[in-house]
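Q: Below are the sequence and a predicted model; questions follow.
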Amino acid sequence: MSLEKVGVELGARRYDVRIGAIAPADAAAAIAEALGAVTGVAVLVDEAVGARSPRVGPLVEALRARLPNVKRHDLRAGEACKTLTEVERTTQWLAEEGYDRRGAVVGLGGGAATDHAGFAAAVYLRGVRFALVPTTLLAMVDASVGGKTAVDLPAGKNLVGAFHQPSAVVADLGFLQTLPAREIRAGLAEVVKCGFIADAQLLTILEGLPAGEAPLPDSTAAELVARAVRVKAEVVAEDETESGRRAILNFGHTVGHALEAASGYGLLHGEAVGLGMLAALSLGEARGLGTPALTSRARALLAHLGLPVDLRPRLSREVLGRVTVDKKRRGGAIRFVFCTAPGETKLVDVSPDEIAAHFLTT
């Protein structure tokens, strides 16, 4: 299988996302080239990935063969690492190990670990370089690309963060072979999102997948990841700091984040985003910004991929109350992304009262 390379075009800060079954030596070479002259590299590894995947050790050793002062630091698994307390633990370790401003970070793990690594790199010594090795489908198609880094607060998800672009992203599809099927399905939800907001052909490809297939064949995974990354790269290049069009990447995230947080992160991010897309489509349909056919297509596709579609029983005043602390709010309104047709979106400010009235009385 050939290597796919997608550029995120940000002028002097441009970088490549490499996608394929990438050998550790090749991944290390790409990271070393992108980081340039460094005094040391801290490899931050999701502890669950480190225990599960046989690819982690060889990659760390390949980095040690190419770069100076490479040390590994394990992060708490999954969403548990996305707190200010855990970032403090990481940055304290960086300081104790003597990493200076010419040091760099490599984040290895799913979306939580890559968010943690990027945010730690953004705030340590006011910013050091970093590269990412996403190990989940969700992280490959979404979290590792675009420079949005953040951690959670008790009040909500991703409320403390920074824009800090990586120097390189290496999406080694080999990590997907040991990824639990549930996490493959959760990652597909973000691919569905890209289909609805920008690449309608993705929806057709996903609808043609055998139901419940996991792990994905490398050729299928490569196409899905590359198409989704191209969507995100194009949007980020146009609007890096989400002052305009980049907001379309939040389709499904407004209610999705509330559901995810209210579940105590028992719902995976992709599962919550899938439900959030159904919420946005339902509200959009009521506003005349969508059709019943579009909502039905989304529900059928998500169910076909093995994702939850039982939205209504999950909504409560508590969940909808969490929407009001979403970081996309504007004054007293919530910025919603509506999909009016595959590949077409509209941004609209919606009042919390309208959201509550729609979901609690219809």
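A: Arrived safely, thanks for sending.
Q: Check whether N158 sits in a helix, strand or coil.
A: Classification of N158 using DSSP: H, G, I helix; E, B strand; the rest coil returns strand.
Q: what about P58, how many neighbours?
A: 15 (other C-beta atoms under 10 Å). Using the backbone N, CA and C atoms, a C-beta is placed for each residue, glycine as well.
Q: I meant S282, not that one.
A: 21.
Q: which SSE is it in?
A: helix 269-286 (DSSP states H and E).
Q: elements contacting that helix?
A: Counting contacts by 3 or more C-beta pairs under 8 Å, 6 or more residues apart in numbering; DSSP states H and E, helix 269-286 packs against helix 181-197, helix 253-262, helix 292-304, strand 333-341, helix 352-361.
Q: could you dump those to CSV with mean neighbour count and mean pLDDT?
A: Shown next, in CSV, are the helices and strands packed on helix 269-286 (neighbours: other C-beta atoms under 10 Å; pLDDT from 0 to 100):
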stretch, mean neighbour count, mean pLDDT
helix 181-197, 25, 95
helix 253-262, 26, 92
helix 292-304, 17, 97
strand 333-341, 20, 92
helix 352-361, 15, 87
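Q: need those in TSV with distance to A226, can you?
A: As requested, these are arranged in TSV below (distance: least, C-beta to C-beta, whole Å):
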stretch	distance to A226
helix 181-197	11
helix 253-262	22
helix 292-304	20
strand 333-341	22
helix 352-361	35
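Q: what's the burial count for S351?
A: By other C-beta under 10 Å, neighbour count at S351 equals 12.
Q: quick one: the strands in the stretch 51-200 of the chain?
A: For the stretch 51-200 of the chain, the strands defined by DSSP state E, counting those that start in this stretch occupy 70-75, 103-109, 129-134, 148-153, 156-163, 168-172.
Q: Please point out which parts of the fifth one sit buried.
A: Translated: strand 156-163. The neighbour-count check on strand 156-163 (16 or more other C-beta atoms under 10 Å) flags 156-161 as buried.
Q: circling back: who wins for proximity to L360 among the strands of the stretch 51-200 of the chain?
A: strand 156-163 (19.9 Å; C-beta to C-beta).
Q: Can you list the low-confidence ranges for the stretch 1-150 of the chain?
A: 1 (pLDDT under 70).
Q: any idea where the helices of it begin and end?
A: 24-35, 47-52, 56-66, 84-96, 111-123, 137-138 (DSSP state H, counting those that start in this stretch).
Q: any idea how the protein splits into domains?
A: 4-178, 251-361 (automatic domain parsing).
Q: Return the most buried member of the ones you listed.
A: Among these, domain 4-178 has the highest mean neighbour count (mean count of other C-beta atoms under 10 Å), at a mean of 21.
Q: now the end-to-end length of it.
A: Distance across domain 4-178, first residue to last, is 21 Å (C-alpha to C-alpha, to the nearest Å).
Q: All further residue positions should be reported with the first residue as 41.
A: Will do, 41 is the new start, and the previous item becomes domain 44-218.
Q: With adjacent residues omitted, what lies nearest to the residue nearest to the spatial centre of the chain?
A: Nearest residue to the geometric centre of the chain (C-alpha atoms, centre = their mean): A183, 2.3 Å. Spatial nearest neighbour of A183, chain neighbours left out: G151 (3.4 Å); criterion: C-beta to C-beta, 6 or more residues apart in numbering.
Q: now that neighbour: how far from I62?
A: Counting by C-beta to C-beta, to the nearest Å, the separation of G151 from I62 is 19 Å.
Q: cool, and T335?
A: Distance from T335 to I62, by C-beta to C-beta: 39 Å.
Q: now A152
A: 22 Å.
Q: and what of T331?
A: Counting by C-beta to C-beta, the gap from T331 to I62 is 42 Å.
Q: now do L323
A: From L323 to I62 the distance is 41 Å (C-beta to C-beta).
Q: Ok, T380 next?
A: Counting by C-beta to C-beta, the gap from T380 to I62 is 38 Å.
Q: again with E126
A: 28 Å.
Q: cool, and G304?
A: Applying C-beta to C-beta to G304 and I62 gives a distance of 35 Å.
Q: Over to A120?
A: From A120 to I62 the distance is 28 Å (C-beta to C-beta).
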